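Asks: sequence and computational prediction follow.
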Amino acid sequence: MNNTTRLSRRSFLRTTGASGLVGGLAAKSYAAVVGANERIRVGLIGGGVIAQSHVNAFNVLRKSGRFEPIAVADCWKTRAMQAVKKLDLPESRAVIDYRRILDNKEVDYVTVAAPEHQHGPMTLAALEAGKAVYCEKPMTRTIPEAQSVVRKQKETGLPVQVGIQGMSDDTYESAAQAIRDGVLGQVVQAQIDYVRRYGAQGPWRRPDLVERHVDKPADLDWNAWLGQTPNVPWDPRRYFEWQNFWDYSGGVSTGLFVHRITRIIKACDLSLPRRVVGMGGIWLWPDGRETPDNFEMLCEYPRGMTVYVLGTMGNRVGVDHLIRGHRGTMYFTGKGWVAKDKEGEVLAEHRSTGAEDILLHHMNLHHHLRNGEELHCPAELGLAGVAPVCMALDSWRTGRMMAWNEEKQEVVPADTAPFDPYLETKA
């Protein structure tokens with residue numbers, strides 16, 4: 001490893017306060033919150049679409065007798081009531097103010113299933129209140145928020161599991177081990193995608209709900225939903241279609257790309273990117289949305305490799321998910337991976353266990369709380385996923401390549417950061 005790679009990793013540790021690198025975290029790095037045989041109790045923050053998936057998971061998990069949902073908070077009381085009904089809880093367990101869950105001494109951990117702009121503030125508040133956290137992806141809306149979460153997690157010793165459920169598939173840890181063992185030789189490039197095809201309506205539009213809620217529901221606390229974002233009048237499009245607005249989401253990048261690039265980050269043992277460029281636009285649905293409907297990004301990492309991510313909401317034909325090395329190429333198959341040399345001969349292969357599954361992700365957190373099992377997607381990995389997708393958005397919005405400035409410990413335009421294109425970066 002040369003000086004540039006070491007500097008990047010030292011910077012990552014200094015920025016986050018982390019004691020280990022992504023992919024190399026100690027399994028017992030957090031203090032156990034509950035005993036090995038005690039019932040784990042959870043509070044759910046959010047009652048919308050993603051939250052419903054957690055409700056379904058909770059109803060399966062509680063069958064073990066060692067897990068108990070306690071309460072649901074949502075700024076729209078109706079949604080909180082719907083969730084507690086599905087959980088067969090008393091109506092009194094539905095609250096508007098999520099801080100009431102944080103104040104509940106029965107709750108061991110909270111699941112944050114609110115829109116992206118609330119992830120950072122709610123996670124920080126939960127850690128401050130002494131709760132472990134399962135936070136939906138992305139871990140935060142911004143890089144500074146992600147840095148704050150990692151620091152607070154280290155300060156409190158409480159676990160943060162980020163809801164990138166693909167990390168509960170062992171494919172990527174297995175790939176990382178194969179790469180460390182030299183199966184591919186020196187890795188130079190990876191590519192992956194997240195593609196969908198929407199019809200005339202376009203992505204993340206809910207015109208039916210918007211039309212029915214021109215007037216704000218009486219039991220919805222709009223100011224609570226806005227949180228730290230600019231105070232604007234009630235707008236049902238912002239509430240039901242928040243993925244299309246900068247104040248609340250990065251759209252394709254933060255909402256979808258974070259799933260994919262985190263797989264590559266884990267497989268290639270990456271930390272923060274050195275330079276990132278984002279390209280795309282609102283090409284199909286110029287309907288008032290602010291986030292792109294077509295987007296791509298290219299990231300350069302200090303270990304000496306690039307990562308390309310393709311995204312479009314207008315065509316579902318993707319690219320092969322693979323990692324290229326000097327000796328061979330690793331292809332992700334959906335059932336694991338296979339590595340082949342330039343002649344097509346198989347060098348190694350892996351059939352996955354686990355899955356991209358919300359139940360497994362919660363169970364991993366439960367095992368961590370009980371006996372220190374290593375988290376599949378801890379806060380450090382959450383930060384490593386947030387960084388490139390946010391840098392790509394900054395690039396697209398400014399028309400400039402973005403870079404991580406080692407001295408300032410922040411994102412800056414690449415042409416203002418020290419950079420030597422000929423510097424060796426072999427891992």
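Replies: Sure thing, it's come through.

Asks: for residue 130, see how far away the closest residue to residue 356 other than its chain neighbours is.
Replies: The shortest distance from residue 356 to any residue other than its chain neighbours is 4.3 Å, reached at residue 166 (CB to CB, 6 or more residues apart in numbering). Backbone N, C-alpha and C define where each C-beta goes, glycine included. As for residue 166, its distance to residue 130 is 29 Å (criterion: CB to CB, to the nearest Å).

Asks: give me the more crowded residue out of those two.
Replies: The neighbour comparison of residue 166 against residue 130 (other CB atoms under 10 Å) goes to residue 166, with 20 against 13.

Asks: residues contacting that one?
Replies: Neighbour list for residue 166: 172, 259, 262-263, 356 [criterion: CB atoms under 8 Å, 6 or more residues apart in numbering].

Asks: again with residue 298
Replies: Applying CB under 8 Å, 6+ apart, the residues contacting residue 298 are 276-277, 306-309.

Asks: could the residues you listed go into TSV alongside pLDDT, neighbour count and secondary structure?
Replies: Shown next, in TSV, are these (pLDDT from 0 to 100; neighbours: other CB atoms under 10 Å; DSSP: H, G, I helix; E, B strand; the rest coil):
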residue	pLDDT	neighbour count	secondary structure
276	98	27	strand
277	98	18	strand
306	98	16	strand
307	98	23	strand
308	98	16	strand
309	98	27	strand
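
Asks: dump those residues to a markdown table, plus distance to residue 317.
Replies: Compiled in a markdown table, those are given as follows (distance: CB to CB, whole Å):
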| residue | distance to residue 317 |
| --- | --- |
| 276 | 25 |
| 277 | 23 |
| 306 | 22 |
| 307 | 20 |
| 308 | 16 |
| 309 | 15 |
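
Asks: before we move on, the earlier item: wait, which of the contacts of residue 166 is closest to residue 382?
Replies: Minimum distance to residue 382 across these is 8.3 Å, recorded for residue 262 (CB to CB).

Asks: now the phi/psi pair for that closest one, please.
Replies: phi -60, psi -30 (degrees, to the nearest 10).

Asks: go on, the one 4 residues further on?
Replies: Main-chain dihedrals, residue 266, degrees, to the nearest 10: phi -70, psi -40.

Asks: where in the stretch 101-250 of the chain is pLDDT low?
Replies: Within the stretch 101-250 of the chain, no range satisfies pLDDT under 70.

Asks: okay, strands next: where are they in it?
Replies: Remark: strands assigned in the stretch 101-250 of the chain by DSSP state E, counting those that start in this stretch are 109-112, 132-136, 160-163, 187-195.

Asks: tell me which of those sits nearest to residue 387.
Replies: strand 160-163 (13.1 Å).

Asks: direction included, what does that closest one pair up with?
Replies: strand 132-136 (parallel) (DSSP bridges).

Asks: distance to residue 248 added to the strands of the stretch 101-250 of the chain, as a markdown table?
Replies: As requested, the strands of the stretch 101-250 of the chain are exported to a markdown table (distance: least, CB to CB, whole Å):
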| stretch | distance to residue 248 |
| --- | --- |
| strand 109-112 | 14 |
| strand 132-136 | 13 |
| strand 160-163 | 17 |
| strand 187-195 | 19 |
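
Asks: residue most distant from the centroid, this protein?
Replies: residue 343 (36.6 Å; CA atoms, centre = their mean).

Asks: measure that one to residue 87 for me?
Replies: For residue 343, the distance to residue 87 - CB to CB - is 56 Å.

Asks: what sits against residue 327?
Replies: By CB under 8 Å, 6+ apart, the contact set of residue 327 is 182-186, 341, 347.

Asks: isn't there a strand covering the residue farthest from the centre of the chain?
Replies: No. Residue 343 is assigned coil when assessed by DSSP: H, G, I helix; E, B strand; the rest coil, not a strand.

Asks: can you list the buried residues in the lengthiest helix in the chain?
Replies: What stands out as the longest helix in the chain, according to DSSP state H, is helix 379-398. Going by neighbour count (16 or more other CB atoms under 10 Å), the buried part of helix 379-398 is 379-396.

Asks: what helices and strands are in contact with it?
Replies: helix 3-16, helix 143-156, strand 160-163, helix 258-268, strand 275-281, strand 294-301, strand 402-405, strand 410-413 (3 or more CB pairs under 8 Å, 6 or more residues apart in numbering; DSSP states H and E).
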